[in-house]
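Participant: Mind folding the following:
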Amino acid sequence: MRSIFLAVLAVCAATAASAQEDPHVRALAAGYKAAFLCSGVFSAGRPEAEIAADDLEGIYPDYQALVRTLPASVDREKMTASVAFDPKLPPRIAAWRPNLGCAQLPIGAGPEGVARLPRLEITRRPPLKAAWPDGDENATGKTPKALAPLLAKAFTDYGGKTTAVLVVKDGRIVGEQYRPGYDLHTPQRTWSVAKSLTASVIGRAVQLGNVKVDAPANIPEWQTSGDPRAAITLAQLMHMNSGLWTDGPGNRTDEVYVGGGVVTELATRMPLEAAPGSRFNYANNDTLLAQRAVRASLGDGQEALAFPFTELFWRIGMNHTTPETDWQGNYILSSQVWTTSRDLARLGLLYLNDGVWNGERLLPEGWSKFVATPAPAQPARGAGYGAFFWLHGSGQGLPEGTYSMNGNRGQYVFIVPSKKVVIVRRGFDSAQARFDEVRFARDVLSALE
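Facilitator: Residues are numbered from 1 along each chain as shown. Coordinates of the predicted model:
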C-alpha cells in the first residue's frame, strides 16, 4: 500500500512539474495572477498580501505553484497588474477601467494594448443615501436570538473559508457578519453566481422587447446558411441544454478567463454534440453565448455595454457591482463579476418580488417562476437546474421552491420564496475545504422560525 501511495505522489509531482514547464500553462497561470491582482487591488481595494493569501491560494492545482512563484508588479498610477512568464514575451497584463473593471490583454500583447481596451463612457450613479434596499440606510432589522450565534459559526463550523454571511427576512437584513478586513462595501468575485446575473440581464432585455427566450439566440457567428446551431434558443442556453460540445464537464474556459481570449472567437466555435434540449451539460460557454446574444441584439456599441448598469444594476441599488469584459468588450458574465453581499441580496429581493422594484416591473411577470422551473433535461444527480439558477427542495431538506445562485470557491445566494428569505454566503473555499451551504441554509431557516 505504501508503495502505491508513493507511486501516486510521484505521478502527481511529475504532472505538476510538467505543467510548470508547459509554455501555455505558464501563460495561463500568469494571466490568472494578473487578473486577480488587478481586480483585487483596483475593484476591491484589498492589500496585495491579502489577495495572495485568499484569491491566489486554493486554486486549480495546475496553476497553484506557478502563481506562487511568477513575479508580479502592480502599477497603481496606470492601474495595471503585470506578471512575467517568458523572457522572450511581454508579461501578462490586466488593466482596470471605470465601470468595466479589469480586462486582460491577449498573450504576447505589450502595454501599448491597454489604450485600445474598450471603455464605458457613462457616469456611475453615486451610492444612494437612501433607505434599504435602494441604499444602505435603515437596512437592518432585529436579529433573532438564535441567528446571531449561527452566523458566527459560519466562519468556524461549516467548512471552507468564509468572508461574509447575510440574511434577509421580509425585506430587511436580519443578520450580517464579515471577516475582519471586509465590510458591506467590499466586493468579491462572483464566479458562477454571475450566471444568475446573466439571467437577470436577459430578463430585463425580454421585458424591454430586445430578445425572446423561446426564439433562436442571436449569435452572429452562427448565421452562415446551413449552420445547425442557429436553431438553438436562448432558453436552451439558459437551461444548459444547448447540446454543444464542451472541453469537459464544467467547461473551465480558461482561454477566456485567464488566457486573454475573446468570447466571440472561442465560445462561438463549439460544435453540436447532442440534440438541443435533450441533454444537460453545465457549461460556461452557454452563459457566454446567452450574453453574446443580448449584446448582438442591442447593437454591440456603448448602449450594449451600458445596459446591465442602466437597466438593471443601478435601478436596484447594485452600485458596487462591476462586470468585466474581454479585451474586445464582450462581457464575461459566466464568472467575472465583482460585487458585494448586499448587492447580491438586492438581486435576491428582486426575485422575491417577481421582478418588481419600487412599483416598477423590471423583469417580465413570471420571470422568477421561469428561472426556477426545472429545465427539460436535468443534471444526473444532486440539485436540479432551472434557467441559470440551481433548484432545491425536500431532497436537500429545504422548502419546496427554493432556488439559488451558486459560484466557485463558495459563493451562494439562496432564495426561499415561501419564507420571504434570502441567504448570502461569500468565501474562498478550496476543493479540499468546502462550505456546507445546504446545511447552513437549513440551519438559518430553523433559526428564523
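Participant: tell me which element the closest residue to F42 other than its chain neighbours falls in.
Facilitator: Of all residues not flanking F42 in the chain, W96 sits nearest, at 3.9 Å (C-beta to C-beta, 6 or more residues apart in numbering). Bear in mind the C-beta positions are built from the backbone N, C-alpha and C, glycine included. In this assignment (DSSP states H and E), W96 forms part of strand 92-97.
Participant: helices and strands around that strand, which ones?
Facilitator: Counting contacts by 3 or more C-beta pairs under 8 Å, 6 or more residues apart in numbering; DSSP states H and E, strand 92-97 packs against helix 23-42, strand 80-83, strand 101-104.
Participant: Out of these, which gets nearest to G386?
Facilitator: In terms of C-beta to C-beta, the element of the helices and strands packed on strand 92-97 nearest to G386 is strand 101-104, at 27.7 Å.
Participant: chain center to the helix or strand following that closest one, what's the gap?
Facilitator: For strand 101-104, the following helix or strand on the C-terminal side (DSSP H and E) is helix 147-153. Counting by C-alpha atoms, centre = their mean, to the nearest Å, helix 147-153 is centred 26 Å from the centre of its parent chain.
Participant: for the record, mean pLDDT for helix 147-153?
Facilitator: Averaged over helix 147-153, pLDDT sits at 98.
Participant: packing partners for it?
Facilitator: Secondary elements touching helix 147-153 (3+ C-beta pairs under 8 Å, 6+ apart): strand 162-169, strand 172-178, helix 437-448.
Participant: need the contact list for A383.
Facilitator: W390, L391, H392, G395, Q396, S404 (C-beta atoms under 8 Å, 6 or more residues apart in numbering).
Participant: quick one on the thing from earlier: got the angle for the strand holding W96 vs helix 23-42?
Facilitator: 30 degrees (axes from the mean of the first three to the mean of the last three C-alpha atoms, to 10 degrees).
Participant: Listing partners with orientation, what would you give for strand 92-97?
Facilitator: Applying DSSP bridges, strand 92-97 is found paired with strand 80-83 (antiparallel), strand 101-104 (antiparallel).
Participant: Of those strands, which is nearest A372?
Facilitator: Among these, strand 101-104 comes nearest to A372, with 29.2 Å by C-beta to C-beta.
Participant: right, so the helices and strands packed on helix 147-153: which one is the most enclosed?
Facilitator: Of all the helices and strands packed on helix 147-153, strand 162-169 has the most neighbours on average by mean count of other C-beta atoms under 10 Å, namely a mean of 25.
Participant: what packs against that one?
Facilitator: helix 147-153, strand 172-178, helix 341-352, strand 421-427, helix 437-448.
Participant: okay but A217 is in contact with A290, surely?
Facilitator: Yes: if you go by C-beta atoms under 8 Å, A217 and A290 touch, sitting 6.7 Å apart.
Participant: Reformat the helices and strands packed on strand 162-169 as a markdown table; add distance to V258.
Facilitator: Converted to a markdown table, the helices and strands packed on strand 162-169 look like this (distance: least, C-beta to C-beta, whole Å):
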| stretch | distance to V258 |
| --- | --- |
| helix 147-153 | 34 |
| strand 172-178 | 28 |
| helix 341-352 | 24 |
| strand 421-427 | 21 |
| helix 437-448 | 26 |
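Participant: out of the ones you listed, which comes closest to E360?
Facilitator: Here helix 341-352 is closest among those (C-beta to C-beta), at 10.9 Å.
Participant: Need the buried ones from the contacts of A383 selected in ChimeraX.
Facilitator: ChimeraX command restricting those to the buried ones, with burial defined by 16 or more other C-beta atoms under 10 Å:
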select :390,391,392,396,404
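Participant: Which one of the contacts of A383 is nearest to F370?
Facilitator: Distance to F370 across those (C-beta to C-beta) is lowest for L391, with 12.2 Å.
Participant: Spatially nearest residue to that closest one, not counting backbone neighbours?
Facilitator: In space, and not counting its chain neighbours, L391 is closest to G384: 3.6 Å by C-beta to C-beta, 6+ apart.
Participant: and the one you found, how many neighbours?
Facilitator: Neighbours of G384 under the rule other C-beta atoms under 10 Å: 19.
Participant: One more: the one 4 residues further on?
Facilitator: Other residues near F388 come to 28 when the count uses other C-beta under 10 Å.
Participant: low-scoring pLDDT stretches of the stretch 101-250 of the chain, where are they?
Facilitator: Low-confidence segments of the stretch 101-250 of the chain, defined by pLDDT under 70: 125-128.
Participant: In contact with A283, which residues?
Facilitator: Residues near A283 by C-beta under 8 Å, 6+ apart: M240, S242, L244, T246, G250, N251.
Participant: Now do the helix or strand where W338 lies: which elements does it pack against?
Facilitator: Assigned by DSSP H and E, W338 falls within strand 337-339. On a contact count with 3+ C-beta pairs under 8 Å, 6+ apart, strand 337-339 meets strand 188-189, helix 193-207, strand 322-323.
Participant: Other residues contacting it?
Facilitator: Here strand 337-339 makes contact (C-beta under 8 Å, 6+ apart) with 39, 43-44, 101, 187-190, 193-194, 197, 318, 320-324.
Participant: Please repeat the previous calculation with a cut-off of 6 Å.
Facilitator: S39, S43, P187, R189, T190, A194, L197, T321, T322, P323 (C-beta atoms under 6 Å, 6 or more residues apart in numbering).
Participant: per-residue confidence averaged over that strand?
Facilitator: Per-residue pLDDT over strand 337-339 has a mean of 98.
Participant: Just give me the neighbour total for the residue nearest to F42.
Facilitator: 21.
Participant: Can you tell me who it pairs with across the strands?
Facilitator: Beta bridges link W96 to C102, judged by DSSP bridges.
Participant: Would you confirm that it contacts A103?
Facilitator: No: in this structure W96 lies outside contact range of A103 using C-beta atoms under 6 Å: 8.4 Å.
Participant: most tightly surrounded among the helices and strands packed on strand 92-97?
Facilitator: Among those, ranked by average contacts under mean count of other C-beta under 10 Å, first place goes to strand 101-104 (a mean of 28).
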